[in-house]
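Trainee: Sharing a sequence plus its predicted fold:
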Amino acid sequence: MVETEIAHGRAFLFAPVFLGLGAVLWFGAEQDPKPAIFRVLLFMGGVLTLMFRSRLPAVSLPAAAIALVAAGMWLAASETAHKATILLDSPVTVNLTGRVVSREAVAGGGFRYIVDVLETANPVLKRPPRRVALIVRARHATLADGQGIAGRARLSPPSGPAMPGLTDFAFSSYFQEIGAIGFFYGAPHPAVIDALPQNFRTGARAWISHLRSVIGERIRSIIPGDAGAFATAMVTDERRAMTRETAEALRLSGLAHIIAISGLNMALSAGIFFVGLRMVLSLHQGFAQSFPIKKLAAVGALAGVTAYYLLSGSAVSAERAWLMMSIMLIAVLIGRPSISMRNVALSALVILILSPSDVMGASFQMSFAATVALVAGYALLKDSGREDARPSALPARALLIKGWHFVWGIALTSIIGGVSTAIFSIAHFQQLALWGLPANLAAMPIVSFIVMPAGLLAMLLMPFSLDAWPLRIMGFGLELVIDVAKEVASWGGEGGAGLMPPYVFSLVVIGFLLLTLLKTRLRLAGAIIIAATLASTAILPGRSKPAIIVAEGGDLIGLIGARGIATNRERPPSFIFSQWRRALTTSAHLRPTMLRGVSGSGQRDKIRHRTLNADEEQAAQKEMTLVFSESEPDRFTCQEKAWCAARYRHGLSDEVRIVYAEDAAFIGIACQSADIIITPVRLRQSRCPTGSKGSKASDTGSRVSSGEVSAGRGTITRLLTATHLSRSGSITIRFEDGKADRMQIETARNNTIRPWTRHRLYDWRSDRFVDDSVETTSSQLSDSDE
C-alpha cells in the first residue's frame, strides 16, 4: 500500500507537513537551537535523498523528511533573525513622536494607529520599540499614512499568556513587528518629520493604504452601525470598528469566519469574477468559438482576486487565500485540475517558505485543516459516485434537485469544516461553536447571493460614484447575517472545552493528516489514532485545575473554587478573564466583598508610595485579622484601592491566606498573617520585612525552582511583586494532595529564553538583561533582586 500511495503522488503532500514540523520544533524550543544542528541534518538528508531517490525509497523518503524538518528549522531561524523586533520591557508613559504607517477605525469611535517610533522624551527610552500600535479615542484631525504624529502616550508590552498554557500574544506581536501597544492621552497632533525616500514600492504601498482608508470611510458613510463595520471588514480587513456584542455573537454562532478575508471570501469573489466574465464573453458566439473564454475568465478572476488581496492590506489570512486561489486559477490556465490536494500542498509550501511563523497561528492551522478536509471529503464523495445527479426532464424537479444540492453542499461543508477545525479551536480558544451548522445554513445563502455579489458590484462602481445602492443591498444582507448570529448566540452556542493535554493535540493532528492525505486503506490508521486518543481523554484522569491564578501584571488574581472564579476586582479585564473562563470551563464569577473605610482613601498613584501612620496601620491590621477569621472562604474581601484578603480552603486540609496589596504600604502588615502576598507594584525586595512572618523565607530559593515550597502560617510567606511577575509571566499555583504546605508554581514563561520572551529579562535601571537561567526563573518569584 505504501507503493500505491507513492504512485499516487501522496509523498509530495507530506512535504509541507515536515517543513512545518521543523518550524514548530524551532519555535517551541526553550532556547534557540544551535544552527549547526539543522545545517548538518539538512545536508545529510539532502545527500541521502539524492543518492537513493529512485533506487531505495525506504531510505530516500525518511531522508527527505529529515531534510524538510531541518529546512523548516532553518527558515524559522532566518525569519526570526530578520524580524529582530524590539519588544518593550515594562509599561511606561512617554512623549512620543513617530510616523503613521496605517490607521484603522475602532468600535465606539476613534482610530488605531500603527506608528514607527522616531523619538521618545520624558523619559527617553533606552530600548525603544521601533513600531507601536496606539488607540486614539479623542476627537482629532485624522492623520494620513506617512504623516508625523506626536503626543503623550501610554505604552505596554504585548500581552503574554493569560495563564500558563494559553496563547502568547507577544509571539505574534514579534512577527508582526509591533513592539508595544497602548493609547494616546487626549488627541495627538501632527509632527514635522523627515520625508521617507520615495520609490515605487513605498509609493505603491502608501497609495494602496490611502485607498483602503477612503474605501472604508465610504462604506461606513453609506452603511451605518455594525453592518457598515462588517462590510468594511469583508472588503479591507479592518475588523476593529465592530462592537463587542456583535463580534461575540458572530463568534458564538460560528460565523466569525465570514469577517476574515479568507478562503470563503476569496473563493466567492473568484467564482463571481470567473462565472460572470465567462458568461459575458460567451454572449458573442463568434468570440466564444474563436478564443478560449474559460482561460480568459480565469485571467480576469486572477486579476480580480489580486486586487481584492491588495485592498485587504495583505492580511495573513488573505495572503493564504490569495495564494491558494491563484494556484487554482493558474491550474485552469494550464489545463490541470484546479481543486486538488496537490495545489493545497503547494500553497502551504509557499506560505511556509515566506512566513514559517504562520504555522504556529490558529488562522493558518484552521484554514488549511478545513481546506484539506473539504478537498479530501469531496474527493471521497466523488469516488463513491454519490455526488452524481441525473438531469431531470421536468424543469421544476431539476430546480428542486439543484436547490437540494445547494443546501446539502452548505450543510456538508459546514459539518466537514466544523469537525476538521474542532481540535484547533479547542487548542487555541478552549471552545467550540455548538450551533455552527444551523447558523451557516441560514447565513451562507445570504452571503453567497446577496452580500458578496453586491459588494463586488459596489467596488466596481465606486470609482463612478454609483456604489450607493449596491452598498445598501450589501448592508441589508449583513444586517440579516447579524440577526442570525445574535439569534443563534442566544441559544447558548459556546461549548467550553478547557485546556487539553499537549499529547492529545499532537496525536489528533497526526491522525487527521493520515486520514486526509492518504488514499489507500492506510488512512484508516489515522481514524484509529484519533479514536484511541479521544478515548484516552475519557479514561485517563486529566490534570487538576489550579487553585490560584495570578495575571502577569499582578493586578488580577483568581481563586478557583466549587462556585466558580473569585477575583480581587469587581470588574476584571475581559481580555484576561474571558480566557480564564474558557480554560477552566466555568462562567461563574464571584466578585469581592467591598469594605468601606479610610485605609484605602486617596489617589491610587499616591497610595502606592505613601507610608502609613500608627493609627492607619493599627486599623488595617485589625481589619485584615477580622477578614481572615470571619470572612466567607474562597472569596476576596477588599478595602478599596488598598488591599484584598481571602482564605482559600477549596479541597485543602488547611487554609491558605492570600493578600493582594494594591498599596505597597500594606505589605508589612500582610506579612504578619498571610501565606501569599501579591502586589502590582514594581518593588526590588522579594522578602517580607525583617521580624515579620516572612523573615523565615531565606531558604526558599532552591525549593521554589523544583515547584515545591512550604506554605502555611508560621512557616514561609511568598511575596510576588510586579517585578518578578513581569519576568515569569502569569502563574498558576496548585497544592499537591490537598496539602497547603505542598505548593506547585507553574510560570507562563516556563524557563524559555527566546527573542519574543527575552524582553522580560531587561532591567531599564541598569540598561542590561538580567542574568537568568533555567534554574533561577521560578526562584525569582521569591528571592531575586535582593
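Mentor: Alright, I've got the coordinates. Since the structure is predicted, the reported quantities are computational estimates derived from the model, not experimental observations. Numbers count the residues shown, from 1 in each chain.
Trainee: residues near Ala70, how many?
Mentor: 25 (other Cβ atoms under 10 Å). Using the backbone N, CA and C atoms, a C-beta is placed for each residue, glycine as well.
Trainee: how close does it sit to Pro33?
Mentor: 10 Å (Cβ to Cβ, to the nearest Å).
Trainee: same check, this time on Pro395
Mentor: Distance of Pro395 to Pro33, given as Cβ to Cβ: 65 Å.
Trainee: Between those two, point out the one with more neighbours.
Mentor: Neighbour count, other Cβ under 10 Å: between Pro395 and Pro33, Pro33 has more, with 14 against 8.
Trainee: Hmm, the more buried one is touching Phe27, no?
Mentor: No - look at Pro33 against Phe27 with Cβ atoms under 8 Å: they stay out of range, at 10.3 Å.
Trainee: pLDDT (mean, whole number) over whichever strand or helix holds Ser213?
Mentor: Using DSSP states H and E, Ser213 sits in helix 200-222. For helix 200-222, the mean per-residue pLDDT is 85.
Trainee: which other residues reach the helix or strand following that helix?
Mentor: Counting by DSSP H and E, the element after helix 200-222 in chain order, helix or strand, is helix 225-236. Residues outside helix 225-236 that contact it (Cβ atoms under 8 Å, 6 or more residues apart in numbering): 105, 107, 212, 215-216, 219-220, 222-223, 238-239, 241-243, 246, 258-261, 265, 311-313, 451, 455, 459, 471, 474-475, 478-479, 481-482.
Trainee: ok now helix 225-236, how far from the chain's centre?
Mentor: Counting by Cα atoms, centre = their mean, to the nearest Å, helix 225-236 is centred 21 Å from the centre of its parent chain.
Trainee: Go through whatever helix or strand comes next after it and flag the buried ones.
Mentor: Moving toward the C-terminus from helix 225-236, the next helix or strand (DSSP H and E) is helix 244-252. By 16 or more other Cβ atoms under 10 Å, the buried positions in helix 244-252 come out as 246-252.
Trainee: Which other helices and strands does helix 244-252 contact?
Mentor: Here helix 244-252 touches helix 225-236, helix 468-489, going by 3 or more Cβ pairs under 8 Å, 6 or more residues apart in numbering; DSSP states H and E.
Trainee: Rebuild these as JSON lines, extending it with mean pLDDT and mean neighbour count.
Mentor: As requested, the helices and strands packed on helix 244-252 are exported to JSON lines (pLDDT from 0 to 100; neighbours: other Cβ atoms under 10 Å):
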{"stretch": "helix 225-236", "mean pLDDT": "91", "mean neighbour count": "24"}
{"stretch": "helix 468-489", "mean pLDDT": "94", "mean neighbour count": "20"}
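Trainee: Number of residues surrounding Ser282?
Mentor: Ser282: 14 neighbours (other Cβ under 10 Å).
Trainee: isn't it right up against Phe291?
Mentor: No - assessed by Cβ under 8 Å, Ser282 is found out of contact with Phe291, at 10.5 Å.
Trainee: Go ahead and name everything in contact with stretch 642-653.
Mentor: 547-548, 557, 559-562, 566, 568, 592, 599-600, 607, 620, 624, 627-628, 631, 633-638, 655-663, 666, 670, 674, 735, 738-740.
Trainee: Of the residues you listed, which belong to strands?
Mentor: Of those, the ones assigned to strands by DSSP state E are 548, 557, 559-561, 566, 637-638, 656-661, 735.
Trainee: Okay, now the unreliable bits of the chain?
Mentor: In the predicted model of the chain, residues 263, 314-316, 338, 383-394, 493-496, 596-610, 686, 689-716, 771-786 satisfy pLDDT under 70.
Trainee: Next, the distance between the ends of stretch 446-457.
Mentor: 16 Å (Cα to Cα, to the nearest Å).
Trainee: quick one: buried residues of it?
Mentor: Counting neighbours by 16+ other Cβ under 10 Å, stretch 446-457 gives 446-448, 450-457 as buried.
Trainee: so how far is the lengthiest helix in the chain from its chain's centroid?
Mentor: In the chain, with assignment by DSSP state H, the single longest helix is helix 395-429. Offset of helix 395-429 from its chain centre (Cα atoms, centre = their mean): 26 Å.
Trainee: Quick one: work out the angle between it and helix 244-252.
Mentor: Following axes from the mean of the first three to the mean of the last three Cα atoms, to 10 degrees, one obtains 110 degrees for the angle between helix 395-429 and helix 244-252.
Trainee: helix or strand right after helix 395-429?
Mentor: Past helix 395-429, the next helix or strand by DSSP H and E is strand 431-433.
Trainee: Go through the lengthiest strand in the chain and flag the buried ones.
Mentor: Using DSSP E, we find that the single longest strand of the chain is strand 92-105. Neighbour-count burial for strand 92-105, counted by 16+ other Cβ under 10 Å, picks out 92, 94, 96-105.
Trainee: In terms of secondary structure, what does that strand contact?
Mentor: Applying 3+ Cβ pairs under 8 Å, 6+ apart, one finds that strand 92-105 makes contact with strand 111-121, strand 131-136, strand 148-156, helix 200-222.
Trainee: Going along the chain from the third one, find the next helix or strand for me.
Mentor: Spelled out, that is strand 148-156. Scanning forward in sequence from strand 148-156 by DSSP H and E, the next helix or strand is helix 169-176.
Trainee: Identify the residues contacting that next one?
Mentor: 27, 79, 83, 85, 87, 157-160, 179, 181, 355, 357, 360-361, 755-757, 759.
Trainee: Among the ones in strands among the contacts of stretch 642-653, which pair sits farthest apart?
Mentor: Distance extremes for the ones in strands among the contacts of stretch 642-653: the farthest pair is Cys638 and Phe735 at 23.4 Å, using Cβ to Cβ.
Trainee: returning to what we had before: mind checking which of the contacts of stretch 642-653 are buried?
Mentor: 547-548, 557, 559-561, 566, 568, 592, 599-600, 607, 620, 624, 627-628, 631, 634-638, 655-663, 666, 670, 674, 735, 740.
Trainee: Roughly how far does the closest residue to Ala379 other than its chain neighbours sit from Leu524?
Mentor: Using Cβ to Cβ, 6 or more residues apart in numbering and skipping the chain neighbours, the partner closest in space to Ala379 is Met341 (7.5 Å). Look at Met341 and Leu524: by Cβ to Cβ, they are 18 Å apart.
Trainee: what do you get for Arg320?
Mentor: Counting by Cβ to Cβ - Arg320 and Leu524 are separated by 30 Å.
Trainee: Those two - which one has more neighbours?
Mentor: Shown here are Arg320 and Leu524; by other Cβ under 10 Å, Arg320 has more neighbours (25 against 12).
Trainee: list the helices and strands the one helix or strand that one maps to packs on?
Mentor: For Arg320, the host element (DSSP H and E) is helix 316-333. With contacts taken as 3+ Cβ pairs under 8 Å, 6+ apart, helix 316-333 sits against helix 263-282, helix 293-311, helix 341-354, helix 362-384.
Trainee: residue contacts, the closest residue to Arg521 other than its chain neighbours?
Mentor: What sits nearest to Arg521 in space, not counting adjacent residues and going by Cβ to Cβ, 6+ apart, is Met1, at 6.5 Å. Met1 makes contact with 520-522, according to Cβ under 8 Å, 6+ apart.
Trainee: Counting neighbours, which of the residues you listed comes out on top?
Mentor: Neighbour counts for the contacts of Met1, by other Cβ under 10 Å, peak at Leu522, which reaches 15 neighbours.
Trainee: Any idea how many residues pack against Ser766?
Mentor: 9.
Trainee: How much space separates it from Gly553?
Mentor: Counting by Cβ to Cβ, the gap from Ser766 to Gly553 is 22 Å.
Trainee: mind listing what the residue nearest to Glu30 when sequence neighbours are not counted touches?
Mentor: Setting aside the residues directly before and after it, Glu30 is nearest to Thr752 in space (Cβ to Cβ, 6+ apart), at 4.7 Å. By Cβ under 8 Å, 6+ apart, the residues touching Thr752 are 29-31.
Trainee: Identify, from those residues, the entry nearest to Leu612.
Mentor: Glu30 (43.1 Å).
Trainee: Show the backbone phi and psi for the closest one.
Mentor: phi -70, psi -30 (degrees, to the nearest 10).
Trainee: just the one 3 residues further on next, same as before
Mentor: For Pro33, the backbone dihedrals are phi -60, psi 150 (criterion: degrees, to the nearest 10).
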